[in-house]
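**Q** Generate a structure from the sequence data that follows.
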Amino acid sequence: LMAAKSKGRMRKLVVPLAIWQERISAAFVHHVVTVGWPFEEALLRRGIPQAKVTNILNSSDPKVFPIADRHPSPADATPGEQPFILMYHGTLAWRNGIDIAVQALALVRQAGPDVRLDIMGRGEEKPRLKQLAADLGIGDHVVFIDPCTSDKVVDFVVHGDVGIIPYRYDGFMELVLPTKAYEFAWMERPMIASDTPAIHSMFRPESLVRCDPAQVESFAEAIIDLYQHPEKRAHMVQNASEDYQPFRWEMMADRYRQLLASLSRKKIRVRRPVVSRVSNLRGSK
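**A** From the prediction side, this is the model:
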């Protein structure tokens with residue numbers, strides 16, 4: 001991440017410092033928790049023992065994303081009567097590639113005149129994205145929404161039809177398993193995402209549409225395909241839901257509890273309960 005965010009002379013200083021910090025931290029701690037297989041593989045390559053690393057994904061908390069809030073997407077519920085909404089929520093930074101989604105929308109306007117892109121988040125790219133939409137003549141079809149509290153994010157996720165995750169390749173983003181992907185899968189919304197090792201590590205090809213972030217046209221083709229084929233959207237939702245099942249919140253929470261218990265047992269000698277000693281004394285009489 002530091003390598004991707006640093007530029008020029010600062011990169012020569014920041015990256016070695018980050019590497020040094022990672023090595024010192026990993027050597028010092030009892031255990032390392034990471035949030036995706038690509039990150040785990042990178043840590044193992046750098047010499048951290050397998051037994052010292054545990055993967056715990058940032059799954060969707062069902063208290064924040066309750067099953068009761070699942071419902072058919074607007075386009076499925078009333079075909080042709082509602083706009084077809086693409087949605088992105090999260091940081092608005094260049095590495096997240098939201099401009100790719102804006103450019104793709106401009107290419108699909110003729111085939112899908114009622115397609116809209118809703119963007120919720122904050123970041124340094126927001127003014128540029130607004131200007132880009134205006135320059136492409138689609139300012140009325142790109143809606144910017146201010147960030148909300150975590151308990152309201154579910155309303156944004158279920159209001160749309162397709163989630164879009166157009167992350168760029170920059171040495172870091174291709175390793176990221178987006179939390180929003182778990183949220184889309186859990187709330188049963190189809191996805192279009194950049195074709196990254198991280199996405200490969202969790203979702204099958206039939207569970208979402210994978211695109212090349214260097215090719216805006218690939219995203220445009222994917223949008224048109226899902227716009228025109230609701231049955232494909234339904235199959236993708238089912239497949240992604242199946243892929244996500246082993247990594248649900250409760251599964252990750254249990255893994256975390258087991259890890260804490262394991263680490264505690266290594267550090268704390270468990271004393272025998274007093275009641276057992278009293279029972280033994282009574283038995284000896």
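
**Q** And Trp249, how far from Ser194?
**A** According to C-beta to C-beta, to the nearest Å, Trp249 stands 25 Å off from Ser194. Every C-beta, even on glycine, is put in place using the N, C-alpha and C of the backbone.

**Q** So between those two, which is more surrounded?
**A** Between Trp249 and Ser194, counted using other C-beta atoms under 10 Å, Ser194 has the larger neighbour count: 26 against 18.

**Q** For Gln103, see how far away Leu136 is.
**A** Leu136 sits 7 Å away from Gln103, going by C-beta to C-beta.

**Q** These two - which one has more neighbours?
**A** Between Leu136 and Gln103, counted using other C-beta under 10 Å, Gln103 has the larger neighbour count: 19 against 16.

**Q** Is Arg189 in a helix, a strand, or coil?
**A** The three-state label given to Arg189 by DSSP: H, G, I helix; E, B strand; the rest coil is coil.

**Q** Please name the nearest non-neighbouring residue to it.
**A** Excluding its sequence neighbours, the residue lying closest to Arg189 (C-beta to C-beta, 6 or more residues apart in numbering) is Gly163, at 5.2 Å.

**Q** and the one you found, how many neighbours?
**A** By other C-beta under 10 Å, 25 other residues sit near Gly163.

**Q** same check, this time on the one 3 residues further on
**A** Residue crowding around Pro166 was assessed by other C-beta under 10 Å; the count is 23.

**Q** For Phe247, which non-adjacent residue is closest in space?
**A** Leaving aside its chain neighbours, Phe247 sits nearest to Leu57 (5.1 Å; criterion: C-beta to C-beta, 6+ apart).

**Q** so which helix or strand takes in the one you found?
**A** Per DSSP states H and E, Leu57 falls between elements, in no helix or strand.

**Q** So for Leu1, what pLDDT did the model give?
**A** Looking at Leu1, its pLDDT reads 87.

**Q** which residues does it contact?
**A** Contact analysis of Leu1 by C-beta atoms under 8 Å, 6 or more residues apart in numbering lists Phe172.

**Q** ok, now Glu40?
**A** Residues in contact with Glu40, defined by C-beta under 8 Å, 6+ apart, are 34, 53, 55.

**Q** Let's have those in JSON lines, adding secondary structure.
**A** Below are the contacts of Glu40 laid out as JSON lines (three-state DSSP):
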{"residue": "Thr34", "secondary structure": "strand"}
{"residue": "Val53", "secondary structure": "strand"}
{"residue": "Asn55", "secondary structure": "strand"}
